[in-house]
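sequence? don't have it. structure:
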């Protein structure tokens, strides 16, 4: 029955471009929205996405008090935001740059330069490691943003044939050359990569090609077997959920582990100037996932999972946990103290600006949450239903870094009735997650 529903959903999605029905999967829990604006807390004036519970890896949780202070992110530390040109990623990168130096990993830097105006450090420039007190630095910028262009699909293609950017073999404990510099000094990573749950232009390599013919051809060749058809689309190197949310995220986690455990020499614009970068302490990895990952057989999530997006995200979640110190993971350095903590954030259907990538219903029609639905609800695990503002997601991400909360925890976040919460209110909610 579920397979029939998924097949019908996929065929209907091909007719409407993958937008309307994809969003209607959440229609039973979504509240009406209006075109009101929403902002996120920031010190600046400044302004990719997005089976049964018993089959999912049990999440490991511990209180933040059990972590050593040396593993806490400090103002001036470096955080790599992967997918920093997406609608969520750009907000996350901008907000984190209030406190930290940010390495924004993007496919096309020109698409976000204007958005990060005033925060950018150009190629060859150095980011300061000032330890600003974030509680007293009101109105001051605590960090900066440096952009790095990486094509994750290209790197996956090289791995497929066992060849890295530098000619070496890929695999576990491997970092592509294009990711080495942005990840080697990153104390933390925030993974904001993603694609649409259903076939849209976002599945194409450049985000502009209509993939409808590829989808129909794959369905026909596999006699309308959805799983086999999706596997064919994966093999074409498209921006599919499996390639991005599963394989891509596995590659990113491995690359970060390897890069931070390696002493490298980076060149600046000068012919003679270079920096030797020692191994970097890894502190935490944050993965932006989705509600429904642990409820993939419960309606309406089988519809959302028709092309395997929740399966792919579940795989990335499990991989991250197993690689973390909570899951017994060990880094390349063989240093027992060099593990990192994890946090998995599960938002609902994403709403609100920026409205640059028009692959989603809420983005296409520039839908925001009603002014009376600005409050937030957070809960451990995957129990909530509802929508989430991108600005809310960015603020939550920054707060867990600045307050060292939600360590080795997975939780959901949605917007609910009520006015926007104050920062102390947000912090109090996050602290409750680990008690």
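Nice, thanks for sending it over. As the structure is a prediction and not an experimental result, all values here were calculated from the model.

any weak-confidence spans in this structure?
For the chain, residues meeting the criterion pLDDT under 70 lie at 1-70, 123-125, 128-142, 161-173, 206-208, 262-278, 329-338, 355-370, 435.

how does it look with 50?
Within the chain, the segments meeting pLDDT under 50 span 15-47, 49-68, 132-141, 163-170, 269-272, 332-336, 358-367.

can you give me the strands in the stretch 101-250 of the chain?
For the stretch 101-250 of the chain, applying DSSP state E, counting those that start in this stretch gives strands covering 101-106, 145-149, 188-191.

and the gap between the residue lying closest to residue 374 once chain neighbours are set aside and residue 394?
Among residues not flanking residue 374 along the chain, residue 420 sits closest, at 3.9 Å (Cβ to Cβ, 6 or more residues apart in numbering). To be clear about C-beta, it is placed using only N, CA and C from the backbone, and glycine gets the same treatment. Distance from residue 420 to residue 394, counting by Cβ to Cβ, to the nearest Å: 13 Å.

would JSON lines of the strands of the stretch 101-250 of the chain with mean neighbour count be doable?
Output for these, formatted as JSON lines (neighbours: other Cβ atoms under 10 Å):
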{"stretch": "strand 101-106", "mean neighbour count": "28"}
{"stretch": "strand 145-149", "mean neighbour count": "22"}
{"stretch": "strand 188-191", "mean neighbour count": "26"}
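
which one of those lies closest to residue 181?
If you check each of the strands of the stretch 101-250 of the chain against residue 181 by Cβ to Cβ, strand 145-149 wins as the nearest, at 6.6 Å.

Among residue 420 and residue 394, which residue is more densely surrounded?
More neighbours surround residue 394 than the other of residue 420 and residue 394, with 26 against 21 (other Cβ atoms under 10 Å).

Residue 387 reaches residue 413, doesn't it?
No: assessed by Cβ atoms under 8 Å, residue 387 is found out of contact with residue 413, at 10.5 Å.

Overlap of the contact sets of those two?
Common contacts of residue 387 and residue 413 (Cβ atoms under 8 Å, 6 or more residues apart in numbering): residue 348.

Let me see the ranges of the helices in the stretch 101-250 of the chain.
Per DSSP state H, counting those that start in this stretch, the stretch 101-250 of the chain carries helices over the ranges 152-160, 177-184, 212-221, 226-235, 241, 249-260.

elements contacting the second one?
Right, the one you point to is helix 177-184. Helices and strands touching helix 177-184, by 3 or more Cβ pairs under 8 Å, 6 or more residues apart in numbering; DSSP states H and E, are strand 101-106, strand 145-149, helix 249-260, strand 264-267.

and if we set it to 7 Å?
Judged by 3 or more Cβ pairs under 7 Å, 6 or more residues apart in numbering; DSSP states H and E, the packing partners of helix 177-184 are helix 249-260, strand 264-267.

Would you convert the ones you listed into TSV that also reports mean neighbour count and distance to residue 149?
Below are the helices and strands packed on helix 177-184 laid out as TSV (neighbours: other Cβ atoms under 10 Å; distance: least, Cβ to Cβ, whole Å):
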stretch	mean neighbour count	distance to residue 149
helix 249-260	24	15
strand 264-267	12	16
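
now, of the helices of the stretch 101-250 of the chain, which is deepest in the fold?
helix 241 (a mean of 27; mean count of other Cβ atoms under 10 Å).

Could you list the residues in contact with that helix?
195, 197, 307-309, 312 (Cβ atoms under 7 Å, 6 or more residues apart in numbering).

Please produce TSV containing these, extended by distance to residue 112.
Shown next, in TSV, are these (distance: Cβ to Cβ, whole Å):
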residue	distance to residue 112
195	18
197	24
307	27
308	29
309	24
312	25
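
Could you work out the most separated pair of these?
195 and 308 (11.1 Å).

what about those two, which has more around it?
Neighbours per residue (other Cβ under 10 Å) separate residue 195 from residue 308, with residue 195 holding more: 27 against 23.

could you dump the helices of the stretch 101-250 of the chain to JSON lines with distance to residue 408?
As requested, those are exported to JSON lines (distance: least, Cβ to Cβ, whole Å):
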{"stretch": "helix 152-160", "distance to residue 408": "26"}
{"stretch": "helix 177-184", "distance to residue 408": "21"}
{"stretch": "helix 212-221", "distance to residue 408": "39"}
{"stretch": "helix 226-235", "distance to residue 408": "31"}
{"stretch": "helix 241", "distance to residue 408": "25"}
{"stretch": "helix 249-260", "distance to residue 408": "15"}
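
Out of the ones you listed, flag the one nearest residue 98.
Closest approach to residue 98 among the helices of the stretch 101-250 of the chain (Cβ to Cβ): helix 177-184, 19.6 Å.

now the angle from that closest one to strand 101-106?
For helix 177-184 against strand 101-106, the angle by axes from the mean of the first three to the mean of the last three Cα atoms, to 10 degrees is 160 degrees.

now the angle between helix 152-160 and helix 177-184, please.
With the same axes, to 10 degrees applied, the angle from helix 177-184 to helix 152-160 works out at 110 degrees.

Now distance to residue 230 too, for the strands of the stretch 101-250 of the chain, in a markdown table please.
A markdown table is the format used below for those (distance: least, Cβ to Cβ, whole Å):
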| stretch | distance to residue 230 |
| --- | --- |
| strand 101-106 | 26 |
| strand 145-149 | 28 |
| strand 188-191 | 22 |
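
Identify whichever of those lies nearest to residue 223.
Per Cβ to Cβ, nearest to residue 223 of the strands of the stretch 101-250 of the chain: strand 188-191, 35.5 Å.

Any chance you could list what contacts the closest one?
73, 79-83, 92, 249, 252, 256, 283-288, 397, 401.

Could you list the paired strands of it along with their orientation?
Strand 188-191 has the following strand partners under DSSP bridges: strand 78-82 (parallel), strand 284-288 (parallel).

Next secondary structure after the first one?
It stands for strand 78-82. helix 87-96 (DSSP states H and E).

Tell me how far residue 250 lies from residue 319.
5 Å.

burial of residue 186, as a residue count?
Using other Cβ under 10 Å, residue 186 has 27 other residues around it.

swap in residue 422?
Residue 422: 10 surrounding residues under other Cβ under 10 Å.

List the contacts of it.
Contact analysis of residue 422 by Cβ under 7 Å, 6+ apart lists nothing.

before we move on, what about residue 377?
If you count contacts by Cβ under 7 Å, 6+ apart, then residue 377 has 384, 414, 416 around it.

So the last one is in contact with residue 372, correct?
No: with contacts defined as Cβ atoms under 7 Å, residue 416 does not count as touching residue 372, sitting 9.9 Å away.

can you pull out the strands in the stretch 301-435 of the chain?
Using DSSP E, counting those that start in this stretch, strands in the stretch 301-435 of the chain cover 341-347, 349-351, 375-380, 387-389, 409-416.

Okay then, goodbye and thanks.
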